[in-house]
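Participant: Here is my input, please return the structure:
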Amino acid sequence: MSYKTRVEDLIGSVGDDALITQALQDTGNDIINSMPDSKLLNYVKTVSITSSGLDISSKKLLAVDKSDIRAYQIPAFEKAKYTDSNSIYYGSDNNPVYYIEDEKVFVIGLGSNNETSGTAHYIPLTLLNESGADLTNAHSSVSNFPQNAEYLLVIGSAVKCLQRLLADKTASLPSDVSDSLTIPAAPSPPSISTVTYSTASNADASASSVGAITVSTVSKADITGNAPTYTAPSVAGATEELTATLTNDATADNNKLNFSDWFEVVGDFIQTEEDVELAGSQLQKISTYLNAYNQAMQNNLNVFNKENAIYQANIQAELAKHNTDLQKELTQARLDADDAKQESAQATDIDKFNKAQDQALDLQNKSNTLQALIQNNDDLIQKYNGEIQNYSAQVNKAVSEFGAKIQNYGSKIQKQVTDYQWKQGQLQQLQNQYNEGIKKLIT
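Facilitator: Just a heads-up that it's a prediction; the model follows:
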């Protein structure tokens, strides 16, 4: 069974073979460097050392011999006295020495004025398979490596891959809930003309029994007050304030809910702190706030719809009262005009009769003007009612669409939380097994 299969059996699909290979090599180095040399001597490779030295940059050097006699390490800066025939330290084949300089090992033996040959015993720092090739995820065995530590090689590699996967997860997190909740501008109430009536002119007729006919001024309908607008919510937490730039201005067209700082915290917990538990907690909090915001947004929409219904009912009531009062006054004015005509018809003064007729005509003309104003106001009110209904529909649509997006973000984040929690448990379990295994190897 390949190492890739064994690793993925523990943590699921990694999706990066190069990562598994690198994790195997890094974990192998960690294990080798943590074990005492005495426990590694049974797994060494050997290679000849020439007089020009041996590069050991990719080797963990455990021992050196010359002709099967163990050599002892000396400081490189003391090598001269071991090649000086007048020195008590002069080299001997029965007591060879070696030194390391510039990542190369050199041997000094009998009568050596210069470095000589020897043999190095080492563990490769680049793990190899049984064929001597660099170990990869596709291989199933490793050479020159403690067999009782091979299971730790798999577990440690799984830990490193899992840590990398958790770090990579931050790249797939929504860095900014950037969809804007755009609320349309509320329609402005129309300017309603004040309907007033000036007394119809009757000239000389006013001095007779035909008096001036008047129509009381009727106050115009009040449709300007308490016009409803949708207010986007702002949600705050117990310890941290939700980053939101939503405004209450209905004319604003770029209200945005921004969580970028929150996701940066998630990334920091994983990549810097290496604390997936805190990262999962942070994701859970973001999910909670999104759900709370969505609920608050729906609540505010319900309030808006309720206020809008009341407002439109008030408009209709004001308009109905206004028209009723005006019609009442106009009806009374016509009755008064008819009375004036009858009185004038009974008078002997023809001029007074003619003046009364003129006044009645003037009254009719002004009545027509009033009716035109009323009709214009009615048209404006009807148009405004249509705009209010359209505004209400746009608000409902915008909130519904944005709510769906918020819910979608919440679902994605919840999935991330669940995935993090599972990986967190796996990581902790494997890390504990690895640490316990290392303790056993070094004791």
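
Participant: In the stretch 251-400 of the chain, where is pLDDT below threshold?
Facilitator: 251-261, 263, 267, 270-271, 274, 276, 337, 340-356, 359 (pLDDT under 70).

Participant: And the helices in it?
Facilitator: Ranges of helices in the stretch 251-400 of the chain, per DSSP state H, counting those that start in this stretch, are 260-271, 276-346, 350-442.

Participant: and those as JSON lines, adding distance to residue 119?
Facilitator: Backbone N, C-alpha and C define where each C-beta goes, glycine included. Shown next, in JSON lines, are the helices of the stretch 251-400 of the chain (distance: least, CB to CB, whole Å):
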{"stretch": "helix 260-271", "distance to residue 119": "45"}
{"stretch": "helix 276-346", "distance to residue 119": "47"}
{"stretch": "helix 350-442", "distance to residue 119": "26"}
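
Participant: Of those, give the one that comes closest to residue 8.
Facilitator: Nearest to residue 8 among those is helix 350-442; the distance by CB to CB comes to 11.8 Å.

Participant: ok, how many other residues are close to residue 364?
Facilitator: Applying other CB atoms under 10 Å, we find 14 residues neighbouring residue 364.

Participant: Please name whichever of the helices of the stretch 251-400 of the chain is nearest to residue 96.
Facilitator: Nearest of the helices of the stretch 251-400 of the chain to residue 96, taken as CB to CB: helix 350-442 at 29.8 Å.

Participant: Run the angle between that closest one and helix 276-346 for me.
Facilitator: With axes from the mean of the first three to the mean of the last three CA atoms, to 10 degrees defining the directions, helix 350-442 sits at 180 degrees from helix 276-346.

Participant: before we move on, the earlier item: looking at the helices of the stretch 251-400 of the chain, which is nearest to residue 103?
Facilitator: Per CB to CB, nearest to residue 103 of those: helix 350-442, 25.4 Å.

Participant: so what does that closest one touch, helix or strand wise?
Facilitator: helix 3-11, helix 17-34, helix 150-172, strand 180-181, helix 276-346 (3 or more CB pairs under 8 Å, 6 or more residues apart in numbering; DSSP states H and E).

Participant: Run the angle between that helix and helix 150-172 for me.
Facilitator: Going by the same axes, to 10 degrees, helix 350-442 makes 160 degrees with helix 150-172.

Participant: and residue 396, what is it in contact with?
Facilitator: 301, 305 (CB atoms under 8 Å, 6 or more residues apart in numbering).

Participant: Residue 160 too?
Facilitator: Contacts for residue 160 (CB under 8 Å, 6+ apart) come out as 23, 26-27.

Participant: coming back round to it: relative to residue 123, which of the helices and strands packed on helix 350-442 is closest?
Facilitator: helix 17-34 (5.5 Å).

Participant: before we move on, the earlier item: including pLDDT and distance to residue 312, could the contacts of residue 160 go into JSON lines?
Facilitator: Converted to JSON lines, those look like this (pLDDT from 0 to 100; distance: CB to CB, whole Å):
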{"residue": "23", "pLDDT": "96", "distance to residue 312": "67"}
{"residue": "26", "pLDDT": "95", "distance to residue 312": "70"}
{"residue": "27", "pLDDT": "95", "distance to residue 312": "71"}
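
Participant: about what we covered before: nearest approach to residue 148 belongs to which of the helices of the stretch 251-400 of the chain?
Facilitator: helix 350-442 (7.4 Å).

Participant: Mind putting the helices and strands packed on helix 350-442 into TSV with distance to residue 77?
Facilitator: Listed next are the helices and strands packed on helix 350-442 as TSV, based on distance: least, CB to CB, whole Å:
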stretch	distance to residue 77
helix 3-11	43
helix 17-34	25
helix 150-172	38
strand 180-181	70
helix 276-346	48
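
Participant: Looking at the ones you listed, spot the one closest to residue 430.
Facilitator: Of all those, helix 150-172 comes closest under CB to CB, at 5.0 Å.

Participant: next one: that closest one to chain centre, how far?
Facilitator: 24 Å (CA atoms, centre = their mean, to the nearest Å).

Participant: Enumerate the positions of it that are buried.
Facilitator: Judged by neighbour count using 16 or more other CB atoms under 10 Å, the buried positions of helix 150-172 are 150, 152-167, 169-170.

Participant: Please state the mean pLDDT value computed over it.
Facilitator: For helix 150-172, mean pLDDT rounds to 84.

Participant: Restricting the selection to alpha carbons, write it to PDB.
Facilitator: The C-alpha coordinates for helix 150-172 follow below in PDB (Å, rounded to 0.1, in the frame of the first residue of the first chain):
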ATOM      1  CA  GLU A 150       7.500   3.800  10.000                       C
ATOM      2  CA  TYR A 151       4.000   4.200  11.300                       C
ATOM      3  CA  LEU A 152       5.100   7.500  12.800                       C
ATOM      4  CA  LEU A 153       6.300   8.500   9.300                       C
ATOM      5  CA  VAL A 154       2.700   8.000   8.100                       C
ATOM      6  CA  ILE A 155       1.100   9.700  11.100                       C
ATOM      7  CA  GLY A 156       3.500  12.700  11.100                       C
ATOM      8  CA  SER A 157       3.000  13.200   7.300                       C
ATOM      9  CA  ALA A 158      -0.800  13.100   7.800                       C
ATOM     10  CA  VAL A 159      -0.500  15.800  10.500                       C
ATOM     11  CA  LYS A 160       1.600  18.000   8.200                       C
ATOM     12  CA  CYS A 161      -0.800  17.500   5.300                       C
ATOM     13  CA  LEU A 162      -3.800  18.300   7.500                       C
ATOM     14  CA  GLN A 163      -2.200  21.500   8.800                       C
ATOM     15  CA  ARG A 164      -1.500  22.600   5.300                       C
ATOM     16  CA  LEU A 165      -5.100  21.800   4.200                       C
ATOM     17  CA  LEU A 166      -6.500  23.800   7.100                       C
ATOM     18  CA  ALA A 167      -4.200  26.800   6.200                       C
ATOM     19  CA  ASP A 168      -5.300  26.500   2.500                       C
ATOM     20  CA  LYS A 169      -8.900  26.600   3.600                       C
ATOM     21  CA  THR A 170      -8.600  30.300   4.300                       C
ATOM     22  CA  ALA A 171      -8.200  30.900   0.600                       C
ATOM     23  CA  SER A 172     -11.600  29.500   0.000                       C
END
